[in-house]
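[1] dropping the sequence and predicted coords here.
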Amino acid sequence: MSKKEVKIAFEPYSNEADVLQIGGLTIENRLDRITIDGDIDLTMDQAGLARARELYQLLGAAVARLEGQKELPEHLPAPKIGKAPNPFE
């Protein structure tokens, strides 16, 4: 690995637990989706370059995983959102 390459320990679509921070972005791993929330500035400096490389690697891994699937549905349904009972009531 060259000194410019960034190593990210995040395997897209592999579990329901991993969360990654890149700048102001929060990337949450799921088995059927990756959720990216927040914002990021890719500034014209070393810090911006490092964040851009992290994003590039993450998105490259996601594309490779998706392209490696034998069959992908046209669309997934939105995730189900349920309401849990309040244990304090």
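    Arrived safely. Residues are numbered from 1 along each chain as shown.
[2] every contact and neighbour count from this point should use C-alpha atoms.
    Fine.
[3] what distance do you get for the residue sitting furthest away from the middle of the chain to residue 83?
    Computed with C-alpha atoms, centre = their mean, the maximum C-alpha offset from the centroid of the chain is found at residue 89, amounting to 35.8 Å. Distance, residue 89 to residue 83, by C-alpha to C-alpha, to the nearest Å: 14 Å.
[4] please apply the same query to residue 38.
    In this view, residue 38 and residue 83 are 24 Å apart by C-alpha to C-alpha.
[5] more neighbours: the two, which one.
    Shown here are residue 38 and residue 83; by other C-alpha atoms under 10 Å, residue 38 has more neighbours (11 against 5).
[6] now the phi/psi pair for the spatially most central residue of the chain, please.
    In the chain, the residue lying closest to the centroid (C-alpha atoms, centre = their mean) is residue 27, at 3.9 Å. Dihedral pair for residue 27: phi -110, psi 120, per degrees, to the nearest 10.
[7] kindly report the same for the one 10 residues further on.
    Dihedral angles of residue 37 (phi, psi; degrees, to the nearest 10) stand at phi -130, psi 140.
[8] residues near it, how many?
    Residue 37: 12 surrounding residues under other C-alpha under 10 Å.
[9] for it, list each beta-bridge partner.
    Taking DSSP bridges as the rule, residue 37 bridges to residue 26.
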